[in-house]
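[1] sequence first, predicted coordinates after that:
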Amino acid sequence: MTVRTRFAPSPTGYLHIGGARTALYSWLHARKHGGQFILRIEDTDRERSTQESVDAILEGMNWLGLDYDEGPIFQTDRFDRYAEVIEQLIEQGDAYKCYCTRDELDEMRETQRANKEKPRYNGKCRDRKDIPTDENGNPLDSVIRFKNPLEGDVVIDDMIKGEIIINNRELDDLIIARTDGTPTYNLTVVVDDLDMEISHVIRGDDHINNTPRQINMITALGKDVPKFAHAPMILGDDGKRLSKRHGAVGVMQYRDDGYFPQAVLNYLLRLGWSHEDQEIFSREEMIDLFKVENVNGAASTFNTKKLIWVNEQYIKTLPADEIAQHLQWHLDNQGLTIVEGDDYPALNDVIDAHRDRAKTLVELAAGIRYYYQDFESYDENAAKKHFKTATPAILQNLLDKFRQIEAWNADNIAAEIKNTCDELALGMGKVGPALRVAVTGTAMSPSLEITLDLIGKKRSLERLEKAVEFATAKYAD
RNA sequence: GUCCCCAUCGUCUAGCGGUUAGGACACCGCCCUUUCACGGCGGUAACCGGGGUUCAAGUCCCCGUGGGGACGCCA
């Protein structure tokens, strides 16, 4: 059997983290078995579906690298097909017109709730033969309901949750077509999953309750039931379901915050699934090792600190070229233009010098500014702390020695720094910090010889000259 | 309220009848160190409660409790 999975979001918002995880699971399952992954946009609710959301979902999928073999398929393009199936169900006697008004239904539900019952349609029109009309003789508005079996159990053999048994008495006759004739969710999923020959339906467990209804419809249509896998929800830090209020931001926010798509995927994968003690998985390993059956049945809490840690692992180990690719967006975003050339270091070298000091691409981009752009002023706290009365003399001494360096490299720079320390009988602790502030404008950087090497001789000397001036002026009066 | 799902360190998890209950994040020490980091070493920390079943239960069963979900002419 060919494995065919799908991700079927409704375009009523961005692609959020929970959706991204079920998409990932679906995608992995298809890739693992050499099958197809289909993207279907469930936009039958025309009121709430927007093009903007469609774009956001596509952008998110693309950023995460979850490529699909078919789609995006829009349900609104398939209304004829749904009408056909609805007609078939009516003809078979498995669906019927219901003339109950919204008010009647509301009242029914209210009464049931008051009686501590589960609110559900009472089947009033189920066996109705007449066609009620208004005062002008026109038929009343009606919806189409599916005739759900009255007795018996529906058994879901869920790949994640195990066997779930629901009695048909818990179900009611759901609406499959609205007054305006448009089909509803439960009907469209069934038709689409069948038509698209989906073998494995992997989705959030908030759909478990819909599953028995869908199985009943599939059975009524005489088709085979696909395998189901219901993945648990992701909860926010407060233990509540992740919602917009609780930080359920769109996946693109994670790009903006400086995460690698691969890190987000890795984090999402490990949230609710594990393989021995492994934490970091390459794309290939994910595909190779993932098994839906091993997905944890319990909901899990999203933890940003762990995501950051995962991201750090990627920033530490990814090839500089690849980091540079992802970094570019942030450089642009932060208005920093990289000009590699005679007086400027290669971006890859800078990345290698800084990769252990940044948790996110945002930090990385911000931390490398001084290699490519002169600073106007010194970090206030840094200057205050490290520019002392003795500083001008120290910096001048360094400056004199640096000028003599013919081959500007880390070894030679380190040697001259040491010479200055020896000559002035000062420890590195007295010389280093001032030098660092002088050439970077900040109190943090990689080790000095590397930093100076990257900044280059020309600009290192210029900055030192400026710093001598600044520090001298500071203690002039 | 009714139905469904779930339950091991604060968090993510391993465990599938007999373990000193393992790993990771976070946190706390120590070490390394010119800064910021990285790294190394060590530590604190968990089987929701009660009944069973069994020689033996974190592991199986039942009942509670707690959390989540569903109950739309939303998906």
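    That came through, no problem.
[2] now for the lengthiest helix in chain A, which elements pack on it?
    Assignment by DSSP state H gives helix A:457-474 as the longest helix of chain A. Contact here means 3 or more C-beta pairs under 8 Å, 6 or more residues apart in numbering; DSSP states H and E; on that basis helix A:457-474 packs against helix A:391-404, helix A:428-440. Backbone N, C-alpha and C define where each C-beta goes, glycine included.
[3] now do the nearest residue to A:Asp321 once chain neighbours are set aside against RNA strand B, distance only.
    Take A:Asp321 and drop its neighbours on the chain: the residue closest to it by C-beta to C-beta, 6 or more residues apart in numbering is A:Asn348, 6.6 Å away. Computed as C-beta to the nearest atom of the strand, to the nearest Å, the A:Asn348 to RNA strand B distance reads 18 Å.
[4] buried ones in the helix or strand hosting A:Asn348?
    Assigned by DSSP states H and E, A:Asn348 falls within helix A:347-354. For helix A:347-354, burial by neighbour count (16 or more other C-beta atoms under 10 Å) applies to A:347, A:350-354.
[5] can you check stretch A:318-332 too?
    Within stretch A:318-332, the residues scored as buried using 16+ other C-beta under 10 Å are A:318, A:320, A:323-324, A:326-327, A:330-331.
[6] that older thread, hang on, isn't the residue nearest to A:Asp321 packed against A:Glu322?
    No - look at A:Asn348 against A:Glu322 with C-beta atoms under 8 Å: they stay out of range, at 10.2 Å.
[7] strands of chain A, start to end?
    A:4-7, A:36-41, A:70-74, A:95-98, A:143-146, A:153-158, A:162-167, A:175-177, A:200-204, A:227-231, A:234-235, A:300-301 (DSSP state E).
[8] same list, those strands, but as JSON lines with distance to A:Ala366 please.
    JSON lines is the format used below for those (distance: least, C-beta to C-beta, whole Å):
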{"stretch": "strand A:4-7", "distance to A:Ala366": "35"}
{"stretch": "strand A:36-41", "distance to A:Ala366": "35"}
{"stretch": "strand A:70-74", "distance to A:Ala366": "36"}
{"stretch": "strand A:95-98", "distance to A:Ala366": "60"}
{"stretch": "strand A:143-146", "distance to A:Ala366": "57"}
{"stretch": "strand A:153-158", "distance to A:Ala366": "46"}
{"stretch": "strand A:162-167", "distance to A:Ala366": "48"}
{"stretch": "strand A:175-177", "distance to A:Ala366": "54"}
{"stretch": "strand A:200-204", "distance to A:Ala366": "36"}
{"stretch": "strand A:227-231", "distance to A:Ala366": "36"}
{"stretch": "strand A:234-235", "distance to A:Ala366": "29"}
{"stretch": "strand A:300-301", "distance to A:Ala366": "29"}
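[9] tell me which of those strands sits nearest to A:Ala23.
    Nearest to A:Ala23, of all the strands of chain A, is strand A:4-7, at 4.1 Å by C-beta to C-beta.
[10] list the contacts of the closest one.
    Contact with strand A:4-7 is made by A:19, A:22-23, A:26-27, A:29-30, A:35-40, A:61, A:66, A:68, A:71, A:193, A:196-202, as judged by C-beta atoms under 8 Å, 6 or more residues apart in numbering.
[11] ok, now how distant is the residue nearest to A:Lys401 when sequence neighbours are not counted from A:Thr442?
    Closest residue in space to A:Lys401, ignoring its immediate chain neighbours: A:Glu416 at 4.1 Å, by C-beta to C-beta, 6+ apart. From A:Glu416 across to A:Thr442, the span is 22 Å (C-beta to C-beta, to the nearest Å).
[12] quick check, A:Met428 in contact with A:Asp422.
    No - judged on C-beta under 8 Å, A:Met428 makes no contact with A:Asp422 at a distance of 10.7 Å.
[13] which elements pack onto the helix or strand bottoming out on mean pLDDT in chain A?
    Lowest by mean pLDDT, DSSP states H and E among the helices and strands of chain A is helix A:380-386, with a mean of 87. Secondary-structure packing of helix A:380-386 (3+ C-beta pairs under 8 Å, 6+ apart): helix A:428-440.
[14] please see if the helix it packs on touches RNA strand B.
    Yes - using C-beta under 7 Å from any atom of the strand, we find that helix A:428-440 touches RNA strand B at A:428-429, A:432-433, A:436.
[15] of the residues you listed - the most surrounded one?
    Highest neighbour count within those, by other C-beta atoms under 10 Å: A:Arg436, with 21 neighbours.
[16] so which bits of the stretch 201-350 of chain A are right by RNA strand B?
    Residues of the stretch 201-350 of chain A found near RNA strand B (C-beta under 7 Å from any atom of the strand) are A:205-210, A:232-233, A:235, A:239-241, A:270-274, A:276-277, A:279, A:294, A:296-301, A:303, A:305-306, A:308-309, A:312, A:316.
[17] mind running it again at 6 Å?
    Taking C-beta under 6 Å from any atom of the strand as the criterion, the stretch 201-350 of chain A approaches RNA strand B at residues A:205-206, A:208-210, A:233, A:239-241, A:270-272, A:274, A:277, A:279, A:296-301, A:303, A:305-306, A:309.
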